[in-house]
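S.K.: just need the structure, nothing else, for what follows:
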Amino acid sequence: MFRFYIASILAVEIAALLTLSALAPRAPVLLLSPLVPLTLVAAIIARRRFEGPARRRLARRLSPEAIAGYRPRRPATDTPEGLSRSIVERAEEIRYALEETPSDEVRVEMCTLGYRACANDMITLTHLTNEALPKASLLGRVKLRHARKKAIDALTEARKALPPSALRSAPQEQQ
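M.R.: Down below sits the predicted model:
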């Protein structure tokens, strides 16, 4: 944005000098011609002066440990509709993954873990829906129930795609 402002100022100055040179004799134009380079130098100095310390502070705060340890914050209050969409998307991915290669043990384990996460989110969705239903309008209640129904249906389809023994226990627990 800074560059855009400086380019705009320089363009206006050059246009003004060209207009002045067309209308007036050469003497005023020669006196005002150093204005363009002076504006450019002033912009460079101002940018270094005002933007430099902020960038240096930011560079000092960033470290490899801070970058590696960054965890994006999830919103504290997910909406029931958003959580339902998330469950539906993940359940469909589980189902598609198991349709591609149903005999791959690692894939089955990963899909089982994903299914368990979806089931936990389904519990959260049920609680959020139950809290929101009394306060919602008629249309809002219909939307909440529809969102919950979609999540339940998607989770049921994902469960059908899992092998029968997948949810009994993890392979590490069977030994």
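
S.K.: for the helix or strand containing Asn130, packing partners?
M.R.: Following DSSP states H and E, one finds Asn130 within helix 105-132. Secondary-structure packing of helix 105-132 (3 or more Cβ pairs under 8 Å, 6 or more residues apart in numbering; DSSP states H and E): helix 80-100, helix 138-161. For every residue, glycine as well, the C-beta is placed using N, CA and C.

S.K.: give me the domain ranges for this protein.
M.R.: 2-68, 80-168 (automatic domain parsing).

S.K.: buried residues in the helix or strand where Ala15 lies, which are they?
M.R.: Secondary structure assignment for Ala15, by DSSP H and E: helix 2-23. Buried residues in helix 2-23, defined by neighbour count with 16 or more other Cβ atoms under 10 Å: 6, 10, 13, 17.

S.K.: the first one contacts Ala42, doesn't it?
M.R.: No: look at Ile6 against Ala42 with Cβ atoms under 8 Å: they stay out of range, at 9.5 Å.

S.K.: one step back: I'd like the domains of the chain as TSV, with mean pLDDT appended.
M.R.: Output for those, formatted as TSV (pLDDT from 0 to 100):
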stretch	mean pLDDT
domain 2-68	74
domain 80-168	88
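
S.K.: can you tell me which of the ones you listed is packed in deepest?
M.R.: The highest mean neighbour count among these, using mean count of other Cβ atoms under 10 Å, belongs to domain 80-168: a mean of 16.

S.K.: of all the buried residues of helix 2-23, which comes closest to Thr112?
M.R.: Ile6 (58.1 Å; Cβ to Cβ).
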